[in-house]
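*Asks:* Build me a model from this:
(chains A and B)
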There are 2 protein chains.
Amino acid sequence: MPTPLPEDAIAAITHAVDTSFEKQVAFLQEIVRAPSLRGAEAGVQGIVAQALKARGFEVETYPVDAEALKDHPAYSPATIDYAGTFNVSGRKQPTGTSGRSLILNAHVDVVPTANPDHWTHPPFAAVREGDWLYGRGAGDMKAGLAANLFAVEAIEAAGFQLRAPLEFQSVIDEEVTGNGTAAAILRGASADAVLIPEPTDEDVIFANSGVIKFRITVQGVSAHPREPASGLSAIEAAFLVIDGLKALETRWNGEKHRHPGFDLLGNPASLNIGTIHGGEWPASIPFECKLEGRIGFYPGDKVADRIADFEKALESLCREDPRLAKAAPKLEWIGTCQAGYRLEEGSAAEEVLSAAHEQVTGSALRRSIMACYLDAALYMNHCDTPALTYGPLTRNIHGIDECVNLPSLKRVTRTIALFTARWCGISPIERPSG
Amino acid sequence: MPTPLPEDAIAAITHAVDTSFEKQVAFLQEIVRAPSLRGAEAGVQGIVAQALKARGFEVETYPVDAEALKDHPAYSPATIDYAGTFNVSGRKQPTGTSGRSLILNAHVDVVPTANPDHWTHPPFAAVREGDWLYGRGAGDMKAGLAANLFAVEAIEAAGFQLRAPLEFQSVIDEEVTGNGTAAAILRGASADAVLIPEPTDEDVIFANSGVIKFRITVQGVSAHPREPASGLSAIEAAFLVIDGLKALETRWNGEKHRHPGFDLLGNPASLNIGTIHGGEWPASIPFECKLEGRIGFYPGDKVADRIADFEKALESLCREDPRLAKAAPKLEWIGTCQAGYRLEEGSAAEEVLSAAHEQVTGSALRRSIMACYLDAALYMNHCDTPALTYGPLTRNIHGIDECVNLPSLKRVTRTIALFTARWCGISPIERPSG
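*Replies:* Numbers count the residues shown, from 1 in each chain, chains lettered A, B, ... in the order given. From the prediction side, this is the model:
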């Protein structure tokens, strides 16, 4: 275990976080106002790169090369071209190092807003109202990125330098694939621990779900509705497929009692049909219908096994229902295909985080499950690196009126600063005298 | 009843149809090759106007003015702007008239092709293969339009002129609304009979369905799939709505025994969900889902009553299922809202058509039902004008590999020519002597 920080260092770092917190909120507003839907992260990445340079990081930007990634186990099938978008890396590399190295990771891509008219404030206006800052990505996870940045800044503002290498990773495309972080790993990113301030309501995540994301295209036989028997509606066929997948979800949920923590969730598999598009004409029997979705499973499960089970379920649907045999469902994997992880209790990284959290909040760090894909899984499963997912309190992530709680963000920034200082080790900055 | 045609006139007109049939097929190919999806009919209408002028029609083109139509009972709710498209009218107005006036009507709009890769021949290539001509619109109903045109040409080529006014109507937007023909009616179109050569497999249609076309938009509560209970999937809500509409379809089908002819159909109401679009992200619970479709009912039913029943069904779904109450289905009428018609046996128009059909084919004219919207309904229901829907044998209308049977088209053209000649009356064209 790294040595505890001296009391005066704790006080100085905490004070530095508090002092620059308004600046941090302004920075968060600036990056929320740079919409960064998948594939369109370049604008916000430019701001982040600039902010890192201004804070003395060695900054590099690099593309996500799907072709080069393709055979890496951290890769998930990509449906977009990554040309025009890029990852940002910022390093602090002390000359004489003694502590433990750290990666602070955050993704900048955000999910679509749904209908902006339903938002109380425009989704990219970054409106602050009382204790909350609103905006798509405010919680998931630009607040976390700002926390990483201002935590490191606070350590230096308090008069300290880190004793071990630190990499600040600002990555793209976490929401669909995780290929931003996969590209960082392929490039050689490595450290003694990783911290990713996803919106966790100040819990540390001890397990997440494996997730596979699919697209299924079914064919109908289009015909005039005056002769319904001569056609097969692709929309009807899509419903039959969804019903079949619901049976799979029920079956996978039935295994939850074997997975501590997941047994407490109502619906750990959480089949989600996220999009559906079918037909082209109200009065023609629809010819084609596409649906996209995700389904989750348990840490320890192999992705290949779950994929095989999913494929088998679809095949058996077609065997059992001649309509579906005719609809010939075509299955594609269109995003995350990654296993879940489990962070066993007692890791040094979690102990240090736990101590920092308790110093800041006065409460013990809660451990919880997040039944979704997390970039932490790539470090845990493919790099054998302890990855801490820990971030601020938020509301409505992926929903309408997403927002982050600012007092929580301040606490989390303090915690990350204290964690980083203790994990990496600190020494006073030598200032030129005179 | 108009006097039967003399045998030599029948022979001469029939011969004229046969003589120019290859020219007719070439013209049909030309208009199939002018794709005329809804709103984009201007190209083909230009060709039709030109063809009418070349045959001595007085040609006028005129816009469909939705604003002016709005309060006319023949109007159906339009979802597009008709700027840039237009109807074509061609008239033959004899100086001394004695017969009965006639409207030959055909629509030029076609439905989308679905995936063109699934067609044996490209949908707008108008490929002729053996007895069939392939293409979107070949059967529904450009073949009918060509039959109208070449039937009139044949009468004149045989040396006759019509004794009563004839209007050739080439109308737009039948497939969604019927507003092309509605605009013709608003403009004052009127005659003793109307003939519309829709693809009827050489039957005359004695009844069609009333049809209403709807769009329903349901709202979900979008959320991250890791917290499925906090969201409501708009796609799930759409399925619940569709299930409810299926119950309505079953109920409406249950009335079929009271409607002679419809009792023989398996599914006269034929609910069709033609399009569905929901969600924007595989891993977000979908926020909104839109579906569009149509449902039919029986001739004699009032549109307003069926609309009220439909609305009531949707309201009661929302009362019974709190999820649907939350999804707040929004209902819009987006196309045909028209009653069906029934053509009673014994009309003079049908007798004349029947005689012509028997002369050409040697078989009695079959009467059948078409359980869909037809422009004939507007003349029958709003103008009290007998409207004959009668046209060639086709395959796969609204489907993949739509095609029209050319021998059937030739027979139908002969029949329309003989019908027109007898209905309107003919006299020899006076040719300048010398």
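*Asks:* Is residue A:97 in contact with residue A:166, as I believe?
*Replies:* No. Counting by CB atoms under 8 Å, residue A:97 sits too far from residue A:166 to count as a contact (10.2 Å). No exception for glycine: its C-beta is placed from N, CA and C like everyone else's.
*Asks:* Do you have the helices of chain A handy? List them.
*Replies:* Counting by DSSP state H, chain A has helices at residues A:7-19, A:21-32, A:42-54, A:66-69, A:143-157, A:179-186, A:234-253, A:303-320, A:322-327, A:348-361, A:376-382, A:406-424.
*Asks:* Confidence-wise, which helix or strand of chain A is lowest on average?
*Replies:* helix A:322-327 (a mean of 88; mean pLDDT, DSSP states H and E).
*Asks:* Check which residues of it are buried.
*Replies:* A:324, A:327 (16 or more other CB atoms under 10 Å in any protein chain shown).
*Asks:* and that helix, anywhere near chain B?
*Replies:* No. Remark: helix A:322-327 sits outside contact range of chain B, by CB under 8 Å from any CB of the partner chain, the gap being at least 13.6 Å.
*Asks:* Any idea how far that helix is from the middle of the chain?
*Replies:* Here helix A:322-327 is found 37 Å from its chain centre; the criterion is CA atoms, centre = their mean, to the nearest Å.
*Asks:* Disregarding flanking residues, what is the spatial nearest neighbour of residue A:112?
*Replies:* Once flanking residues are discounted, residue A:112 sits nearest to residue B:280: 4.5 Å by CB to CB, 6 or more residues apart in numbering or on different chains.
*Asks:* go on, residue A:417?
*Replies:* residue A:151 (3.8 Å).
*Asks:* what about that neighbour, distance to residue A:32?
*Replies:* Distance, residue A:151 to residue A:32, by CB to CB, to the nearest Å: 19 Å.
*Asks:* and residue A:65, what does it touch?
*Replies:* Listed by CB atoms under 8 Å, 6 or more residues apart in numbering or on different chains, the contact partners of residue A:65 are A:82, A:183.
*Asks:* Could you tell me which residues make contact with residue A:62?
*Replies:* Here residue A:62 is in contact with A:86, A:87, A:89, A:183, A:187 (CB under 8 Å, 6+ apart).
*Asks:* per-residue confidence at it?
*Replies:* Note on residue A:62: pLDDT of 98.
*Asks:* What of residue A:285?
*Replies:* Note for residue A:285: predicted pLDDT of 85.
*Asks:* hang on, the earlier thing: the more surrounded of residue A:97 and residue A:166?
*Replies:* Using other CB atoms under 10 Å in any protein chain shown, the more surrounded residue of residue A:97 and residue A:166 is residue A:166, with 24 against 14.
*Asks:* my read: the more buried one touches residue A:102, true?
*Replies:* Yes. In this structure, residue A:166 is within contact of residue A:102 by CB under 8 Å, at 5.1 Å.
*Asks:* Overlap in contacts, those two.
*Replies:* Common contacts of residue A:166 and residue A:102 (CB under 8 Å, 6+ apart): A:420, A:424.
*Asks:* Where do the domain boundaries of chain A fall?
*Replies:* Domains of chain A are assigned by automatic domain parsing as A:7-208+A:341-428, A:210-338.
*Asks:* Could you identify which of these has the lowest mean pLDDT?
*Replies:* Among these, domain A:210-338 scores lowest, at a mean of 92.
*Asks:* Can you give the distance of it from its chain's centre?
*Replies:* Its chain's average C-alpha position is 24 Å from that of domain A:210-338, according to CA atoms, centre = their mean.
*Asks:* Straight-line length of that domain, end to end?
*Replies:* For domain A:210-338, the separation between the terminal residues is 5 Å (CA to CA, to the nearest Å).
*Asks:* quick one: the nearest residue to residue A:319 once chain neighbours are set aside from residue B:118, how far?
*Replies:* Spatially, and ignoring its direct neighbours in sequence, residue A:319 is nearest to residue A:325 (7.2 Å; CB to CB, 6+ apart). As judged by CB to CB, residue A:325 and residue B:118 stand 17 Å apart.
*Asks:* same deal with residue A:181?
*Replies:* Noted for residue A:181: a distance of 40 Å to residue B:118, by CB to CB.
*Asks:* what do you get for residue A:246?
*Replies:* From residue A:246 over to residue B:118 the distance is 29 Å, taken as CB to CB.
*Asks:* and what of residue A:426?
*Replies:* According to CB to CB, residue A:426 and residue B:118 sit 66 Å apart.
*Asks:* Residue A:410 is in contact with residue A:17, isn't it?
*Replies:* Yes. With contact defined as CB under 8 Å, residue A:410 counts as touching residue A:17 (6.8 Å).
*Asks:* surely residue A:400 meets residue A:112?
*Replies:* No. Here residue A:400 does not reach residue A:112: they are 11.4 Å apart, not a contact under CB under 8 Å.
*Asks:* Any idea how far stretch A:98-117 is from the middle of the chain?
*Replies:* Worked out by CA atoms, centre = their mean, stretch A:98-117 lies 6 Å from the chain centre.
*Asks:* Could you do stretch A:20-27 as well?
*Replies:* Relative to the chain's own centre, stretch A:20-27 is displaced by 23 Å; criterion: CA atoms, centre = their mean.
*Asks:* Which one's more surrounded, residue A:426 and residue B:118?
*Replies:* Legend: neighbour count by other CB under 10 Å for residue A:426 and residue B:118, higher for residue A:426 (24 against 16).
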